[in-house]
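Student: kindly return the folded structure for what I paste below:
(4 chains)
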Number of protein chains: 2
Amino acid sequence: MNVRQLHYFYTIANEGQITRAAKKLHMAQPPLSQALKALENDLGVLLFDRHGRKMELTKAGKVLFERATHIFQTIDDTKTEVKEIGHGVSGSLSIGCVKSCFSYLIRNIRLFRTVYPKITFKLTEGDSFQLTEQLKKRDIELAIVRLPLEIDDYASYKIATEKYVAVLPEKWAKKWHKTAISIEELTNMPLLLLHRMSGRGQYEVIIEAFQKRGLKPNIICESPNVDMILGLVNEEIGVTIIPQSSLLTFHHSGLKILPLLDATIESESMIIWLEDRYLSKSAIQFIEMFET
Amino acid sequence: MNVRQLHYFYTIANEGQITRAAKKLHMAQPPLSQALKALENDLGVLLFDRHGRKMELTKAGKVLFERATHIFQTIDDTKTEVKEIGHGVSGSLSIGCVKSCFSYLIRNIRLFRTVYPKITFKLTEGDSFQLTEQLKKRDIELAIVRLPLEIDDYASYKIATEKYVAVLPEKWAKKWHKTAISIEELTNMPLLLLHRMSGRGQYEVIIEAFQKRGLKPNIICESPNVDMILGLVNEEIGVTIIPQSSLLTFHHSGLKILPLLDATIESESMIIWLEDRYLSKSAIQFIEMFET
DNA sequence: CTAATGTATATTTAAAAAATATACTCACTG
DNA sequence: CAGTGAGTATATTTTTTAAATATACATTAG
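Tutor: Just a heads-up that it's a prediction; the model follows:
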């Protein structure tokens, strides 16, 4: 049995007649008669009960017709589905994102869904290094990361540049009555820093800002988790310096946010992907949304 | 997209390599490369991400592979199923049966299932005329009926010949202290008879037995339902004459069964089917079981 | 009994798939 | 760092397979 024969059988069963089926299949009647016979022969069952020019499905024929209907429906659906994936209007999109960039991701997913409602998302969270590993393994197609990061292997598009801000417990800030804070003022305070678990990250950038001024920060805690750091600040354990957008997901009641006075430590966020590799149409469309 | 191409794709995805897949498909590598390319072209998606000699499924490719796996599994199952139906080891068998022959049917179904456990049954009940109509409509393949019946259009096999017996209320029978009863003795009793709703049936045969002796039976009730008749006998409304096997399904506590003394009204039970029509292998096997 | 409609068979023709020959590409190795 | 091997791609020829043509056969309706 081959599928072409099955398709012929399906059409004959639908039309109830070989001649009519042949017309529908854009072919002559004799080859169709033969194909049907060959199929019956191969399966070892009569599929039609013929008397004269009346054809009636046998029991086996009825079963085969049911199954064939299902099979061709599935094949048809599959074609459509895969084509849609190809055109980027369907399918799923795997994106990794560092926690401090969640706000960018969420905003763009909302926008993307208004244009491509059939696309679903698979999201993972991790630090920049972990995400690049996931890119290489092709677990994700796109990653939204924060610089600095070794990105030679990746194509990238910069989605935001933003300043780092100092976050102080509200009580501490009241003593100053200031609207901004300098690096020097921060030196004397206990400092809590985001520290990536792997690779060179933002941590080093902040240290450099102090070192440039001959200062040595008083780092008392490092953590890869922004929520934890901000929780500690809230408990008046110390202050921190983080990208502004990292605050968006944190409900900050007892925190005072101050821009840095004499230094602009900047953070770049990028969306990155593997260069020279197949990128799904939907991923391309997702990137393009950032570009506009 | 055609299914041959899909099959090629499926094999390539399974083997992870075109050359290896070509070997498995008993063909050379170049046509396989081309077929894959044609499929990708037709669907408008890259299915594999090629770098050098490494091939990796794209997102669309992964989806297609999943679907293809399911499709080919279904096709394979279908082949097996239809072949099994063809050989009569699987499928379902539709049989109609008159109520008074239930015992024959049940006995043979039990036997049949020990040999062909995969065959399922679809059973209907009706009088002989109704069953022949169902045969013509092909709602059932086989019917077990009781003669007399117009059976010119059908192939048949006689499964049993049995005598009619008289059934009396136990109390009435005690007066006689006999082990058999004559037609004449029955004439004076109120008679309850099975009467087929349609067509000529056993009813007429019984009437004839009386008429041959110049007697006129005292028929006070007709019903197509054996249970109802026997219920009425049990309530001492009257007596009845029925084929012996009709009693098997009835729980008879207050009934006396007596053979007919001076007449043998006989009933033939047959299994019948449409002549010159396709009969499923399983139906043929079912008939053969009666013949042995 | 004949015309019309549908199916089956045999043979020829055309289309499509596969083979052959060969070029190209990358990765590994000495 | 050229050479080799394993794999893929392209162009052309060959083979296979499916379809068309011609025609015979079968059944039903008028």
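Student: helices along chain A, start to end?
Tutor: Applying DSSP state H to chain A gives helices spanning A:3-15, A:18-24, A:29-43, A:59-87, A:102-115, A:128-136, A:170-176, A:183-187, A:202-212, A:226-234, A:281-291.
Student: how near is A:Glu184 to B:Met27?
Tutor: 76 Å (C-beta to C-beta, to the nearest Å). Where C-beta positions appear, they are placed from N, C-alpha and C, glycine not excepted.
Student: cool, A:Lys163 as well?
Tutor: Distance from A:Lys163 to B:Met27, by C-beta to C-beta: 63 Å.
Student: what does A:Met228 give?
Tutor: 60 Å.
Student: of all the helices of chain A, which one comes closest to B:Glu266?
Tutor: helix A:59-87 (34.8 Å; C-beta to C-beta).
Student: what comes up buried for that closest one?
Tutor: Under the neighbour-count criterion of 16 or more other C-beta atoms under 10 Å in any protein chain shown, helix A:59-87 has A:59-61, A:63-65, A:67-68, A:71-72, A:74-75, A:78-79, A:81-87 buried.
Student: for stretch A:44-58, same thing?
Tutor: For stretch A:44-58, the neighbour count (16+ other C-beta under 10 Å) marks A:Val45, A:Leu46, A:Leu47, A:Phe48, A:Asp49, A:Met55, A:Leu57, A:Thr58 as buried.
Student: CA atoms only for the longest strand that chain A contains, dumped as CSV, please.
Tutor: Across chain A, the longest stretch assigned as strand under DSSP state E is strand A:154-169. C-alpha atoms of strand A:154-169 as CSV (Å, rounded to 0.1, in the frame of the first residue of the first chain):
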residue,chain,number,x,y,z
TYR,A,154,26.5,36.8,18.3
ALA,A,155,24.5,39.1,16.2
SER,A,156,22.9,41.7,18.4
TYR,A,157,20.7,44.7,18.5
LYS,A,158,20.9,47.3,21.3
ILE,A,159,17.5,47.8,22.8
ALA,A,160,18.3,50.3,25.6
THR,A,161,21.0,52.3,27.2
GLU,A,162,20.2,53.3,30.7
LYS,A,163,22.0,54.8,33.7
TYR,A,164,22.8,53.0,36.9
VAL,A,165,21.1,54.5,39.9
ALA,A,166,21.9,54.2,43.6
VAL,A,167,19.2,52.7,45.8
LEU,A,168,19.3,53.7,49.5
PRO,A,169,17.0,52.9,52.4
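Student: name the nearest residue to A:His87, sequence neighbours excluded.
Tutor: A:Lys281 (6.0 Å; C-beta to C-beta, 6 or more residues apart in numbering or on different chains).
Student: report the contact partners of that neighbour.
Tutor: Neighbour list for A:Lys281: A:Ile85, A:Gly86, A:His87, A:Gly88 [criterion: C-beta atoms under 8 Å, 6 or more residues apart in numbering or on different chains].
Student: now these as a markdown table including distance to B:Met270?
Tutor: Below are the contacts of A:Lys281 laid out as a markdown table (distance: C-beta to C-beta, whole Å):
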| residue | distance to B:Met270 |
| --- | --- |
| A:Ile85 | 61 |
| A:Gly86 | 63 |
| A:His87 | 65 |
| A:Gly88 | 68 |
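Student: looking at those residues, which is nearest B:Val98?
Tutor: Distance to B:Val98 across the contacts of A:Lys281 (C-beta to C-beta) is lowest for A:Ile85, with 59.1 Å.
Student: distance of whichever residue of chain A sits closest to DNA strand C relative to chain B?
Tutor: As assessed by C-beta to the nearest atom of the strand, DNA strand C sits closest to A:Pro30 within chain A, at 3.0 Å. Going from A:Pro30 to chain B by C-beta to the nearest C-beta, to the nearest Å gives 22 Å.
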